[in-house]
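Chemist: Can you look at this prediction? I've put the sequence above it.
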Amino acid sequence: MEPSYLALPVGEYLDALAGQNAAPAGGSAAALTVAQAAALCGKATRLSHRHLTADRVSELLADSERIGRAAASLIELDGQAYMGVIEATRAARADAAGSADHAEAIAVALSRAADVPLRLVELAVKVATLAAELARDGNPALRGDAITAEHLAQAGGHAAATLVRINLASTPGDPRLARAGQLLAQLAAAG
């Protein structure tokens, strides 16, 4: 069994991302981006104790850590979900008859694969909101870190929303497409 992406040194993870294997891929990269944004929010919060109330520091720290852990868990989950799509597609190709069961298996795998990036867009909105508050009210010396966190959250959220649209392209009436659009609007308003 391969080690968790989170257990890999940064250089090895980047090599895996650039490698020939199907995963990790774009969704894992987007999840790492959002996790990094949450970590920067944690840093900006820790160093803003003179600029925010103690209660607000505790709240922001708890939020950034919770969101960061959730986003980091999606680095692995996205790879697993994507591999499900690959396996279903390979099984369909191997079956020359191309049965309806294979088409259904691919559709189910794509649907599952859409859940991970949709969750990531939700997390990106939360991180961008935290980052905007920290850029506005936190330690001015960490304003650049907070703004960087906001940009990373925006990038990760947009990338994840694109993956939702791609995974659900064959089901245009799926409500998760509308949800991704709503979340993108919230992401734009967060800054």
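Modeler: That came in fine, so what should we check first? Numbers count the residues shown, from 1 in each chain.

Chemist: which stretches of the chain have low pLDDT?
Modeler: Counting by pLDDT under 70, the ranges of the chain that qualify are 1-3, 96-99.

Chemist: what's near enough to touch residue 163?
Modeler: Counting by C-beta atoms under 8 Å, 6 or more residues apart in numbering, residue 163 makes contact with 26-27, 30, 113-114, 117. The C-beta positions use only the backbone N, C-alpha and C, and glycine is treated the same way.

Chemist: so it is in which element?
Modeler: Using DSSP states H and E, residue 163 sits within helix 143-167.

Chemist: Pull out the buried residues from that helix.
Modeler: 145-157, 159-165, 167 (16 or more other C-beta atoms under 10 Å).

Chemist: Quick check: residue 132 vs residue 84, distance?
Modeler: Noted for residue 132: a distance of 35 Å to residue 84, by C-beta to C-beta, to the nearest Å.

Chemist: How about residue 70?
Modeler: Separation of residue 70 from residue 84 (C-beta to C-beta): 20 Å.

Chemist: same thing with residue 165?
Modeler: Applying C-beta to C-beta, the value for residue 165 to residue 84 is 18 Å.

Chemist: for residue 175, same thing?
Modeler: For residue 175, the distance to residue 84 - C-beta to C-beta - is 21 Å.

Chemist: who has more neighbours, these two?
Modeler: residue 84 (17 against 9; other C-beta atoms under 10 Å).

Chemist: I'd guessed that one sits against residue 113; true?
Modeler: Yes: here residue 84 reaches residue 113: they are 6.6 Å apart, a contact under C-beta atoms under 8 Å.

Chemist: From the opening residue of stretch 138-149 to its closing one, how far?
Modeler: By C-alpha to C-alpha, to the nearest Å, the extent of stretch 138-149 from end to end equals 13 Å.

Chemist: quick one: the longest helix belonging to the chain to helix 143-167, angle?
Modeler: Secondary structure of the chain per DSSP state H: the longest helix is helix 54-94. Helix 54-94 runs at 30 degrees relative to helix 143-167, counting by axes from the mean of the first three to the mean of the last three C-alpha atoms, to 10 degrees.

Chemist: Who are the packing partners of the helix or strand hosting residue 123?
Modeler: Residue 123 belongs to helix 100-137 when assigned by DSSP H and E. Applying 3 or more C-beta pairs under 8 Å, 6 or more residues apart in numbering; DSSP states H and E, we find helix 100-137 packed against helix 26-46, helix 54-94, helix 143-167, helix 175-190.

Chemist: Could I get the contacting residues of the residue nearest to residue 126 when sequence neighbours are not counted?
Modeler: Nearest residue to residue 126 in three dimensions, chain neighbours excluded: residue 67, at 5.3 Å (C-beta to C-beta, 6 or more residues apart in numbering). Counting by C-beta under 8 Å, 6+ apart, residue 67 makes contact with 34, 38, 41, 123, 126-127, 130.
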